[in-house]
Structure formats: C-alpha cells, structure tokens
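J.: My questions are about this predicted structure, shown below with the sequence.
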Amino acid sequence: MDSDFGTIPGAQDMRDYVTRFVAQLTERNRLPLDYSVSSLRIVDFLVDGLRRGGPERAQVEGVLRGLGGYVGEVMVRRAGGRWVDFDSGQREFFEQPVGVRMPDGRAWNPLGKVVNRFEAGGPEESVQRLYLQLHGRSAGRTGGTRRSGRTVSC
C-alpha cells in the first residue's frame, strides 16, 4: 500500500482519498468494495486478517485509515451522512481529524472504529455492526460515549 494513505485529508477531500485507496487496494485483489452495506463484512474480514499477521499498528496505519475512510464513505453514500472536520475537542476525544455527521446531528468515528477492530477484535468492534446502529435511532436518544463509534449529539 502506498504510504500516502497514512495522512487523512480534510472532510472536503475524503471522497477522493477513499476512491484512490479503494482503487489501489483492489488493483491486485478481487475485493468487492462497492460501497454497499454488505461490503462492510469485507472490511471486518480484512482487519481481522491484519490482526492475525501480528504487525504493530504503526506498520498498518495507512491501511487502517483507508479502511476507516471506506467505512465512513459507505455511511455517507448509504445513510445520508456527510464528512465533517472535527473540532479540537472532538479530535482529542476521537483521536481522528474527521468523521461523519448523520442527519440526526450525531457525529460518528468510522476511522477510530476500524482502529478499535484492529486493536481489540471481536464482534462488538464490527464496522458492519456500527453501520447497523445508525438506523432507527432517534435524535433524542443518546448513545454511548466510546470513542470508537459514537458521540453524544454535537
């Protein structure tokens, strides 16, 4: 993977960043990364494969960021979200520069969720599960405050 994917751009450039990442990742692999909700299973599978390889997070940081961007782009395309630049408080909380704001006003951290999947594994850190949590949630209901996926209304 190209090291350019280690640096996350601002919200306005995330779609291009993800498009380049997906093109490069799928150039030699037949991965069905088609921005569908079902393709999020592939992301979980890829991250689990990276974990099994035993590398340090720093060795795969660019791939994790690209995959996190992909998850966010699925949220944008399929659930009506939009990329946003996090403010300084959100950057500190989420440990990421950008996220996805959903129509109900909540900010989500798909990049951090992929990192958590890599570090902790397990079904509770599934990016597909993160997506499924988006639907059916009212704006008045608060989620947890884990930096992996949810935030309180912003």
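T.: Here it is on my side, so go on.
J.: So which residues of the chain form strands?
T.: Remark: strands assigned in the chain by DSSP state E are 82-85, 98-101, 107-108.
J.: contacting residues around residue 80?
T.: 102, 103 (CB atoms under 8 Å, 6 or more residues apart in numbering). Any C-beta I mention is one placed from the backbone N, CA and C, and that applies to glycine too.
J.: Can you tell me how far it is from residue 27?
T.: For residue 80, the distance to residue 27 equals 30 Å [CB to CB, to the nearest Å].
J.: One more: residue 105?
T.: Look at residue 105 and residue 27: by CB to CB, they are 38 Å apart.
J.: Kindly report the same for residue 116.
T.: Residue 116 is 27 Å from residue 27, by CB to CB.
J.: again with residue 21
T.: In terms of CB to CB, residue 21 sits 11 Å off from residue 27.
J.: Who has more neighbours out of those two?
T.: Set residue 21 next to residue 27 and count neighbours by other CB atoms under 10 Å: residue 21 wins out with 24 against 8.
J.: Settle this for me: that one is touching residue 66, isn't it.
T.: Yes. Counting by CB atoms under 8 Å, residue 21 does reach residue 66; the two are 3.7 Å apart.
J.: What about residue 106, how many residues nearby?
T.: Neighbour count for residue 106, taken as other CB under 10 Å: 21.
J.: mind checking pLDDT for it?
T.: For residue 106, the pLDDT comes out at 91.
J.: gap between it and residue 48?
T.: 27 Å.
J.: One more: residue 28?
T.: If you go by CB to CB, the gap between residue 28 and residue 48 works out to 20 Å.
J.: for residue 87, same thing?
T.: As judged by CB to CB, residue 87 and residue 48 stand 32 Å apart.
J.: The two - which one has more neighbours?
T.: residue 48 (14 against 11).
J.: got a pLDDT number for the more buried one?
T.: For residue 48, pLDDT reads 96.
J.: these two touch, right, it and residue 121?
T.: Yes. Residue 48 is in contact with residue 121 according to CB under 8 Å; the separation is 6.6 Å.
J.: helices or strands up against the longest helix that the chain contains?
T.: The residue-count maximum for a helix in the chain (DSSP state H) belongs to helix 57-79. Helices and strands touching helix 57-79, as assessed by 3 or more CB pairs under 8 Å, 6 or more residues apart in numbering; DSSP states H and E, comprise helix 14-27, helix 40-52, strand 82-85, strand 98-101, helix 110-120, helix 127-134.
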